[in-house]
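J.: my questions concern the predicted model and sequence given below.
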Amino acid sequence: MPDSLSPDLEQQAISLIRGFAMDAPLRAKSGHQGTAMALAPLAHVLYSRIMRHDPARPDWADRDRFVLSNGHASILQYAMLYLSGYGLEMADIQAFRQWGSATPGHPEVGHTAGVEVTTGPLGQGFANAVGMAMAERNLRGRFGEQVIDHHTFVLAGDGCFMEGVSHEAASLAGHQRLGNLVCIYDDNHITIDGDTALAYSDDVAGRFEAYGWHVEHLGEIADHCDALEAAIRRAMAVTDRPSLLILRSHIGAPSPDLTDHHTAHGNPFNAEQIARTKAVMGIPDEPFWAPAELVEAYRAHCAARGTHEREQWQQRFEAAGIDAALWHALWAAEGLDGWKSSLPVFEQGESIATRVAIEKAFNAALDTVPGLVAGAADLTGNTGTKLAGQVAATAADPTGRQVYYGIREHAMGSAMVGMALHGGVLPAGGTFFVFLDYMRPPVRLAALSGAKVIFVFTHDSVGVGEDGPTHQPVEHVATLRAIPNLQVIRPADGNETVAAFVAAVEHPGPTALVLSRQNLTVVTDGSAVATGGGIVRDAADPQVVLLATGSEVSLCVEAAAALEADGVAARVVSLPSWDRFEAQPAAYRQMVLPAGVPVLSVEAATTFGWARWADDTIGIDRFGASAPGATVLENLGINVANVVARATALAVKKG
């Protein structure tokens, strides 16, 4: 193993980190320096002594993962990436929080090398780390600790633990006994408003112990590198449960003016305050002090450690003789060659709920999409996420591909994002569509991160029935369509559902599948999914186009037959994915929706947004009601008679 850094170089590195933490926000006139200053020794210990990472290969499969859950302290991570040699240079640090820079206000995965997850909304990173630890354990169980055996380290603060997602995720992690997860709690007693005592008196240690975590109070060691290293290594030795290390830090330290003051959180120090702090640290009062010999020595140290660890792993990996195609499919979250041939095909006229069809697709692909793991927030059988013959993922059997998240939609979504960003796993998770409201933050962050997650939302309309308006989504599909970079598919029947699964596996980012509770007649061959929209039933010279998604496509096919009997020629178009349809050439879209032919949209949801495609709309611009699903749909106008009447009034008169 390469030699350690000298104590003098270590102290210089810590001073450099603290200097960057003050200088970058001052130049940007924006940022959070206090936490980064307080945790500079901890970050140094993690990156230079503890973590197995290789700056030359940030994507190395068996590297330790680092998550900064309190992402407002991003300058701390950027300083470490600069020092460690991940490609950030002085100009990047100086461009902190500026347009186009590699150092945005909160860390963004895929934007800055060495950043594992996109953090910012407090608690999300903590829950992502739980998912990462779950992914690591699953892969370790499947391939052995000679190939996969690493830790996930997460820094979290008071804000992370006040947010509700942390409660769900900590409970899940404790139940799963994730011994490869180490969380360092920055217990600085400060929020933006002031001392945490204003709003927070939780017994955090007692809470995490009750969740089944190993907990250790570290006390006043935030500036003591050897003590920090020893504490982290003690936690790493605990293998039967996750660890929480409670570190009493002092925000803004060692500032003589603002240590332990809430203004150190988010208000940049002025030049005089920075000068006085640098005097305490014994470094020159110059912006972005970074002696070349220090930076070179630090980078050389990290490079030597990283190369050594990675090469040792590479030898173990090659000795394991893992099939190359399997390994690639896992880390690309794709299928093996020919995987689509195993998927089901449904006969025209067959009746099947799309939530049932997705389960058939999942199970058909278990052997050929090796990274697929699936589960639900206590609705496994209801949402089509039950995998045949698969055991539950637990500490006793970490190879399990069936995940039981419990009634924790928020933690489920965030953990799946963490799994996807860890790699080696393609997570699919289900819940009723109306409970999207409990997990919207991770859906948005999956889209922002490009995390390859399959979100399965079932019971997608007022067809839910007797449970009533609290469980009947009406506005939800419109809100999903408004999220950039999220692939949204509401398939019409079993064949479109299978095609939607294919689209999800082949898509590089997240996909939301919006599926029915009730049985739907198979009326398509599934081809409309590939283009986002396609003709299901045509007429020689259409007078009107019936444009629908999901359960309303088969309804429109019925209505078109009735219109034909009345002498009105109607084309039926399934539009399962607005975003995929919009990506098609204009000529294709004009062929499907020809100019001069009026369009009537039909969807059992709010009509918001349909004006971009349709001349008239049938939808539900109110909340639902408690009654059998068919009754609710009928009374809210989602029926053949209403479609026929509205289409007839809209149709172009011929002759």
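T.: Yep, it's here.

J.: all helices for the stretch 251-400 of the chain, in order.
T.: 263-266, 271-281, 292-320, 324-332, 354-364 (DSSP state H, counting those that start in this stretch).

J.: mind putting the ones you listed in TSV, mean pLDDT and mean neighbour count included?
T.: Using the backbone N, CA and C atoms, a C-beta is placed for each residue, glycine as well. Conversion of the helices of the stretch 251-400 of the chain to TSV gives the following (pLDDT from 0 to 100; neighbours: other CB atoms under 10 Å):
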stretch	mean pLDDT	mean neighbour count
helix 263-266	92	21
helix 271-281	98	17
helix 292-320	98	16
helix 324-332	98	15
helix 354-364	98	23
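
J.: alpha carbons only: can I get stretch 79-99 in CSV?
T.: Written as CSV, here are the backbone C-alpha positions of stretch 79-99 (Å, rounded to 0.1, in the frame of the first residue of the first chain):
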residue,chain,number,x,y,z
ALA,A,79,-12.3,20.6,-3.0
MET,A,80,-11.7,16.9,-2.4
LEU,A,81,-12.2,16.1,-6.1
TYR,A,82,-9.8,18.9,-7.0
LEU,A,83,-7.2,17.6,-4.4
SER,A,84,-7.6,14.0,-5.3
GLY,A,85,-7.2,14.5,-9.0
TYR,A,86,-10.6,13.8,-10.5
GLY,A,87,-10.2,16.4,-13.2
LEU,A,88,-11.4,19.6,-11.5
GLU,A,89,-8.8,22.4,-11.7
MET,A,90,-8.5,25.8,-10.2
ALA,A,91,-10.7,27.4,-12.9
ASP,A,92,-13.5,25.0,-12.0
ILE,A,93,-13.3,25.9,-8.3
GLN,A,94,-13.2,29.6,-9.2
ALA,A,95,-16.3,29.1,-11.4
PHE,A,96,-18.3,27.7,-8.4
ARG,A,97,-22.1,28.1,-9.0
GLN,A,98,-21.6,29.7,-12.4
TRP,A,99,-23.3,29.0,-15.8
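
J.: contact partners of that stretch?
T.: With CB atoms under 8 Å, 6 or more residues apart in numbering as the contact definition, stretch 79-99 has outside contacts at 13, 16-17, 20-21, 24-25, 27-28, 30-31, 36, 40, 43-44, 46-48, 53, 55-56, 58, 75, 78, 101-105, 112-115, 288, 290, 295, 298-299, 302-303.

J.: ok, now stretch 275-289?
T.: 12, 15-16, 18-20, 22-24, 26-27, 90, 93-94, 254-257, 269, 274.

J.: show me which of those are buried.
T.: By neighbour count, with 16 or more other CB atoms under 10 Å, those hold 12, 15-16, 18-20, 22-24, 26-27, 93-94, 254-255, 269, 274 as buried.

J.: tell me the contacts of residue 179?
T.: So residue 179 contacts 238, 239, 240, 241, 242, 243, 395 (CB under 8 Å, 6+ apart).

J.: cutoff 6 Å now
T.: Applying CB atoms under 6 Å, 6 or more residues apart in numbering, we find residue 179 in contact with 239, 240, 241.

J.: quick one: secondary structure of the first one?
T.: Three-state assignment for residue 239 (DSSP: H, G, I helix; E, B strand; the rest coil): coil.

J.: which pLDDT value goes with it?
T.: Per-residue confidence (pLDDT) for residue 239: 97.

J.: ok so, going back, can you put the helices of the stretch 251-400 of the chain in a markdown table and add distance to residue 231?
T.: Output for these, formatted as a markdown table (distance: least, CB to CB, whole Å):
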| stretch | distance to residue 231 |
| --- | --- |
| helix 263-266 | 24 |
| helix 271-281 | 24 |
| helix 292-320 | 20 |
| helix 324-332 | 33 |
| helix 354-364 | 43 |
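
J.: how near is residue 234 to residue 223?
T.: 19 Å (CB to CB, to the nearest Å).

J.: check residue 407 too.
T.: 42 Å.

J.: these two - which one has more neighbours?
T.: residue 223 (16 against 13; other CB atoms under 10 Å).

J.: spatially nearest residue to the more buried one (excluding sequence neighbours)?
T.: residue 41 (5.5 Å; CB to CB, 6 or more residues apart in numbering).

J.: the helix or strand containing the one you found packs against which elements?
T.: According to DSSP states H and E, residue 41 maps onto helix 40-45. For helix 40-45, the contact count by 3 or more CB pairs under 6 Å, 6 or more residues apart in numbering; DSSP states H and E identifies helix 7-28, helix 225-236 as packing neighbours.

J.: if we go to 7 Å?
T.: Applying 3 or more CB pairs under 7 Å, 6 or more residues apart in numbering; DSSP states H and E, we find helix 40-45 packed against helix 7-28, helix 74-84, helix 225-236.

J.: just name the most buried of those helices.
T.: helix 74-84 (a mean of 27; mean count of other CB atoms under 10 Å).

J.: residue 471 is in contact with residue 623, correct?
T.: No - applying CB atoms under 7 Å as the test, residue 623 and residue 471 come out as separate, 10.7 Å apart.

J.: higher neighbour count, the two?
T.: residue 471 (17 against 13).

J.: quick check: the gap between that one and residue 564.
T.: 37 Å.

J.: pretty sure residue 175 sits in a strand.
T.: No - per three-state DSSP, residue 175 lies outside any strand segment and is helix.

J.: what is the neighbour count of it?
T.: When neighbours are counted by other CB under 10 Å, residue 175 comes out with 17.

J.: for residue 567, same thing?
T.: 10.

J.: ok, the one 10 residues further on next?
T.: Applying other CB under 10 Å, we find 29 residues neighbouring residue 577.

J.: surely it meets residue 489?
T.: Yes - the criterion here is CB under 7 Å, and residue 577 meets it with residue 489 at 4.6 Å.

J.: what is in contact with the two at once?
T.: Counting by CB atoms under 7 Å, 6 or more residues apart in numbering, the common neighbours of residue 577 and residue 489 are residue 529.

J.: rewinding a little: the residue nearest to residue 223 and residue 299, how far apart?
T.: 19 Å.

J.: related to what we said a few turns ago, is the residue nearest to residue 223 in contact with residue 226, as I believe?
T.: No - applying CB under 7 Å as the test, residue 41 and residue 226 come out as separate, 10.2 Å apart.

J.: list residues touching both of the two?
T.: What both residue 41 and residue 226 touch, as defined by CB under 7 Å, 6+ apart, is an empty set.

J.: which ones are touching residue 258?
T.: 252, 264, 269, 273.

J.: pipe the residues you listed into JSON lines and attach distance to residue 380 per row.
T.: Shown next, in JSON lines, are the contacts of residue 258 (distance: CB to CB, whole Å):
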{"residue": "252", "distance to residue 380": "48"}
{"residue": "264", "distance to residue 380": "47"}
{"residue": "269", "distance to residue 380": "52"}
{"residue": "273", "distance to residue 380": "55"}
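
J.: what's the burial count for residue 207?
T.: 17.

J.: check it and give its pLDDT.
T.: 98.

J.: what about the nearest residue to residue 362 once chain neighbours are set aside, distance to residue 346?
T.: Of all residues not flanking residue 362 in the chain, residue 374 sits nearest, at 5.8 Å (CB to CB, 6+ apart). Separation of residue 374 from residue 346 (CB to CB): 20 Å.

J.: those two: who's more crowded?
T.: residue 374 (26 against 20).

J.: which residues sit against stretch 398-408?
T.: 137-138, 140-142, 168, 172, 372-378, 380, 387, 390-394, 411-412, 429.

J.: inside strands: which ones of those residues?
T.: 372, 373, 374, 375, 376, 429 (DSSP state E).

J.: including pLDDT and distance to residue 538, could the residues you listed go into JSON lines?
T.: Putting the ones in strands among the contacts of stretch 398-408 into JSON lines (pLDDT from 0 to 100; distance: CB to CB, whole Å) gives the following:
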{"residue": "372", "pLDDT": "98", "distance to residue 538": "36"}
{"residue": "373", "pLDDT": "98", "distance to residue 538": "41"}
{"residue": "374", "pLDDT": "98", "distance to residue 538": "37"}
{"residue": "375", "pLDDT": "98", "distance to residue 538": "41"}
{"residue": "376", "pLDDT": "98", "distance to residue 538": "38"}
{"residue": "429", "pLDDT": "98", "distance to residue 538": "38"}
